[in-house]
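Undergrad: Mind folding the following:
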Amino acid sequence: MLLIDIPHLICLFTPPVLMFVTISKKLLYTLIILYLLVPFHWNFTDDTCILTYLSKKGGGLETTTTNNEFSEVWLRWLYEPILRLFNLEWNDKNLTIIVVSHVYLNVVLLLIKSYFIC
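TA: As a prediction, the model looks like this:
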């Protein structure tokens, strides 16, 4: 469901963009907290992001072969070369490693940004 998938993509690529944009400390710290909660909520939603769950319920992400549906459909162009770089196969376990790494990379970028703001 494109209505949910586009904001989902925007959330994933916001931290790198924020490195080049001026934002308030309060907004930055709020984003850090929200990004830290992303992997935490996967424990309660069967290792699925709530936005992925909503997209699936809305009829999107139907033709996937892994449990990381959103990543398989929208981020394969980014994740597949990374997996190949480390000589890893495209499967649930390896894809989960890449997804979690992406989320934590976003947190690290936000923390770096917070260092320069303070």
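
Undergrad: Could you list the low-pLDDT ranges of this protein?
TA: For the chain, the stretches flagged by pLDDT under 70 are 118.

Undergrad: Flag every buried residue along the lengthiest helix in it.
TA: The residue-count maximum for a helix in the chain (DSSP state H) belongs to helix 92-117. Residues 94-96, 98-99, 102-103, 106-107, 109-110, 113 are the ones in helix 92-117 that count as buried (16 or more other C-beta atoms under 10 Å). Bear in mind the C-beta positions are built from the backbone N, C-alpha and C, glycine included.

Undergrad: Kindly report the same for stretch 32-45.
TA: So for stretch 32-45, counting by 16+ other C-beta under 10 Å, buried means 32, 35, 38, 42.

Undergrad: Show me which of those residues is closest to Leu2.
TA: Top of the list for closeness to Leu2, among the buried residues of stretch 32-45 and by C-beta to C-beta, is Val38 at 21.0 Å.

Undergrad: Tell me who's in contact with the closest one.
TA: Shown in contact with Val38 (C-beta atoms under 8 Å, 6 or more residues apart in numbering): 49, 103.

Undergrad: Could you report the separation of Val103 from Lys57?
TA: Using C-beta to C-beta, to the nearest Å, Val103 is found at 22 Å from Lys57.

Undergrad: my read: Met1 touches Gly59, true?
TA: Yes. With contact defined as C-beta atoms under 8 Å, Met1 reaches Gly59; the gap is 5.8 Å.

Undergrad: Do I have it right that Glu69 meets Tyr53?
TA: No. Glu69 is beyond contact range of Tyr53, at 9.3 Å (criterion: C-beta under 8 Å).
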